[in-house]
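1. sharing a sequence plus its predicted fold:
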Amino acid sequence: MFESLKKKFSGTIGKLSDKLSSEEEAEVTHQEEISGETKETAPETTETFEKLEKIEEPSAEEKELETEEPLIEEKESETGVRGKLSGIFSREKKDEKVEEKVEEKPVETHEEPEEVAEEKSGMFSFVTKKTISEKDIDDILFELEMSLLESDVAMEVAEKIINSVKEDLVGRKIRRRSDVAEFTRDALKKAISEILGVETKDLKEMADNARKSGEPLKIMFVGINGTGKTTTIAKVATYFINEGYTPVIAAADTFRAGAIEQISHHAENIGVKIIKHKKGADPAAVAYDAVEHAKAKGKEIVLIDTAGRMQTNVNLMDEMKKIKRVVKPDLIIYVGDSLTGNDAVEQASKFDEAVGVDGIVLTKADADAKGGAALSIGYVINKPILFLGVGQSYEDIMEFKPEWMVDQLF
């Protein structure tokens, strides 16, 4: 169920994680390269310092030695052997002074300057704390929006999801890959929850109130042909029976051939009283008789079947309005086929405009791989999904909970 939506949301989470992580790795590599270049250039600087120091101006002692040399040469030229001995001792003394000078020369170290170390620390702290920008996520969210439209998600719903996710992600600071996945998943969950968060109806509470008041809860079912409306009425009757209530069914679809037989067959199978007239009778009269029967027999629920019709059929839409005027139903439920996607959303909007819809039942949800109708229909007409049809048996109907669908998608 909803496999297509699951894959699309999961794919978006993965793509955003991959993209932002690869950008972060690229930045780390770039900064490491810069760091390596800094290390290589540092010794050259110290060597340059050495060279500069080597050509420094001679010290006072060296100058003194240079000035003394002419005196020694003069002595050598003056006194022969004595002069030679004097010259030798003078040179040794000179050498000793030079050696002493070399030993006193300060040893240069290759320690890294403090400013360089501080600069490196600052660069890495930036890399490990990236801020998500709109540019980082725009293209991937655009892909998601296109995918949602392909899955029959209504345009306004797709836009709502994208804008909500973008608003949540832009400006968030991430430290690791798992942060991106977590933030994106949370943002998508929040967006979906808001879309499905239409105020719903508590059918059990309404039935309890009907039992206490003695006035039956009247539920009228509308929709087009072929959506499974008649079977859905039998499933809803089974739901109320299992909850301890006694329903009655009104066979108010007197237009379609075989409709009365079909709903009678279902009523017999589940053991529910059915009120019916001949084919072509006034459907409003059938519904009225069913309500009177419920009052007389103390039954809490009246389920009114109506003829399936296209929203463009004016005469049948007027007939449906007449049933509403006569019976004054507490709930009008639109029954739609989830497999028809956006068509179900469009039809629900038209029925809502004509008679006012209070809730929705989506049939064949168990076979719906796309999930677009389930995600969109409640938000577009601002009415809650009450039940999902999830199989062929009378028990195969489930109350719709928004949090259940969110869990299914993530």
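-> That came through fine.
2. got the contact list for stretch 166-173?
-> 16, 129-134, 137, 141, 179, 183-184, 186-187, 190-191 (Cβ atoms under 8 Å, 6 or more residues apart in numbering). Any C-beta I mention is one placed from the backbone N, CA and C, and that applies to glycine too.
3. any of these buried? List them.
-> 16, 130, 132, 137, 141, 179, 183-184, 187, 190-191 (16 or more other Cβ atoms under 10 Å).
4. and those residues, which is closest to Gly226?
-> Ala191 (32.6 Å; Cβ to Cβ).
5. how close does the closest residue to the closest one other than its chain neighbours sit to Ile192?
-> Spatial nearest neighbour of Ala191, chain neighbours left out: Ser164 (3.8 Å); criterion: Cβ to Cβ, 6 or more residues apart in numbering. From Ser164 over to Ile192 the distance is 9 Å, taken as Cβ to Cβ, to the nearest Å.
6. higher neighbour count, those two?
-> Counted by other Cβ atoms under 10 Å, Ser164 and Ile192 do not tie: Ile192 has more neighbours, with 23 against 18.
7. which helices and strands sit right next to the helix or strand containing the more buried one?
-> Assessed by DSSP states H and E, Ile192 sits inside helix 177-196. Using 3 or more Cβ pairs under 8 Å, 6 or more residues apart in numbering; DSSP states H and E as the contact test, the elements touching helix 177-196 are helix 3-54, helix 155-169, helix 372-381, helix 402-409.
8. one more time with 10 Å, if that's ok
-> helix 3-54, helix 134-150, helix 155-169, strand 173-174, helix 372-381, helix 402-409 (3 or more Cβ pairs under 10 Å, 6 or more residues apart in numbering; DSSP states H and E).
9. what's the offset of the fifth one from the middle of its chain?
-> In this case it means helix 372-381. 17 Å (Cα atoms, centre = their mean, to the nearest Å).
10. next, the angle from it to helix 155-169.
-> 90 degrees (axes from the mean of the first three to the mean of the last three Cα atoms, to 10 degrees).
11. Pro402: how many residues sit nearby?
-> 18.
12. now for the residue lying closest to it once chain neighbours are set aside: which residues touch it?
-> Excluding the flanking residues, the one nearest Pro402 by Cβ to Cβ, 6+ apart is Leu196, at 3.6 Å. By Cβ atoms under 10 Å, 6 or more residues apart in numbering, Leu196 lies in contact with 374-375, 378-379, 384-385, 400-406.
13. next, the buried residues of stretch 135-153.
-> 136-137, 140-141, 144-145, 147-149, 151-153.
14. ok, and the closest non-adjacent residue to Thr246?
-> Nearest to Thr246 is Lys299, by Cβ to Cβ, 6+ apart, at 4.6 Å.
15. what's around that neighbour, how many residues?
-> 21.
16. try Gly258
-> Neighbour tally, Gly258, other Cβ under 10 Å: 10.
17. for Lys350, see how far away it is.
-> 25 Å.
18. and which of the buried ones among the contacts of stretch 166-173 is nearest to Gly359?
-> Nearest member of those to Gly359, counting by Cβ to Cβ, is Ala191, at 22.9 Å.
19. would you confirm that the closest one contacts Asn163?
-> Yes. With contact defined as Cβ atoms under 10 Å, Ala191 counts as touching Asn163 (8.4 Å).
20. how close does the residue nearest to Ile195 when sequence neighbours are not counted sit to Ile397?
-> Nearest residue to Ile195 in three dimensions, chain neighbours excluded: Tyr379, at 4.7 Å (Cβ to Cβ, 6+ apart). When distance is defined by Cβ to Cβ, Tyr379 is 22 Å away from Ile397.
21. between those two, which is the more surrounded one?
-> A count of neighbours by other Cβ under 10 Å puts Ile397 above the other of Tyr379 and Ile397, at 23 against 19.
22. show the contacting residues for Val198.
-> Per Cβ under 10 Å, 6+ apart, neighbours of Val198: 359-360, 377-379, 381-385, 402.
23. 7 Å instead?
-> Val198 makes contacts with 378-379, 382-384, as judged by Cβ atoms under 7 Å, 6 or more residues apart in numbering.
24. the helices in the stretch 151-300 of the chain, which residues?
-> 155-169, 177-196, 203-213, 229-242, 259-270, 283-297 (DSSP state H, counting those that start in this stretch).
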